[in-house]
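Trainee: next one to model:
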Amino acid sequence: MDPDPVSGAASTPAPSPSRYESQKRRDWSTFQQYLRNHKPPLTLQRCSGANVIEFLKYLDQFGKTKVHLTTCPYFGQPNPPVSCACPLKQAWGSLDALIGRLRAAYDENGGSQENNPFGAKAVKMYLREVRESQGKARGVPYEKKKKKKRKRSATANVDDSAGSSRGYVDPGADADTNVGGGGGGGES
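Mentor: Below you'll find the predicted structure:
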């Protein structure tokens with residue numbers, strides 16, 4: 001390492017940004033380019049939720065997810081036997097993640113949370129409609145991931161009398177060897 005010319009100390013290279021930070025920067029740059037190319041050009045201050053939705057629709061042309069039309073014989077089938085002429089679009093999950101990154105980038109670049117066009121109600125409604133329509137078209141409804149139940153602590157089971165139906169969890173034992181299954185750990 002070369003010494004820093006000002007302090008004389010060895011300089012260390014700045015750590016590279018995380019994958020998320022790199023993607024956020026790239027997404028922000030893409031959105032700004034979209035605003036510059038918009039007819040007429042838009043400034044960030046004049047950007048609204050409607051402009052964000054227009055941007056998301058513009059991105060559909062680069063999508064890779066087949067979304068069957070209601071008139072398609074494969075509408076609602078998760079794995080159609082042959083290809084069809086239905087359009088490729090951006091997947092809902094990709095759009096949702098993109099909006100999350102752009103919301104954060106807007107805040108980081110001096111925008112106020114109250115005026116953040118990526119958090120507009122219209123954008124949230126559009127994303128909900130895309131999720132529902134893609135789920136129906138592909139025959140695979142999107143469902144929220146269920147939160148895993150928290151494991152009960154060993155102390156909660158000690159309060160029971162010995163020999164209770166819940167069993168005692170030995171904190172030092174494997175979850176599979178506990179009596180009564182009170183400590184969890186197994187698949188249910």
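Trainee: and the strands in this protein?
Mentor: With DSSP state E as the criterion, the chain has strands at 65-66, 88-89.
Trainee: quick check: mean pLDDT of the first one?
Mentor: I take that to be strand 65-66. Mean pLDDT, strand 65-66: 90.
Trainee: can you check the last one too?
Mentor: Taken as a whole, strand 88-89 carries a mean pLDDT of 94.
Trainee: that strand packs against which elements?
Mentor: strand 65-66 (3 or more CB pairs under 8 Å, 6 or more residues apart in numbering; DSSP states H and E). For the C-beta atoms, the positions are set from N, CA and C on the backbone; glycine is no exception.
Trainee: what comes into contact with the strand it packs on?
Mentor: By CB atoms under 8 Å, 6 or more residues apart in numbering, the residues outside strand 65-66 that reach it are 84, 86-91, 134, 138.
Trainee: could you flag which of these are buried?
Mentor: The neighbour count (16 or more other CB atoms under 10 Å) marks 86, 89-91, 134, 138 as buried among the contacts of strand 65-66.
Trainee: just the residues you listed now: which is nearest R36?
Mentor: Q90 (21.2 Å; CB to CB).
Trainee: surely that closest one touches L56?
Mentor: Yes: using CB atoms under 8 Å, Q90 makes contact with L56 at a distance of 7.2 Å.
Trainee: shared neighbours, the two?
Mentor: Common neighbours of Q90 and L56 (CB under 8 Å, 6+ apart) do not exist.
Trainee: how far away is the closest residue to D96 other than its chain neighbours from N79?
Mentor: Distances taken as CB to CB, 6 or more residues apart in numbering place L127 nearest to D96, at 5.7 Å, with adjacent residues excluded. L127 sits 25 Å away from N79, going by CB to CB, to the nearest Å.
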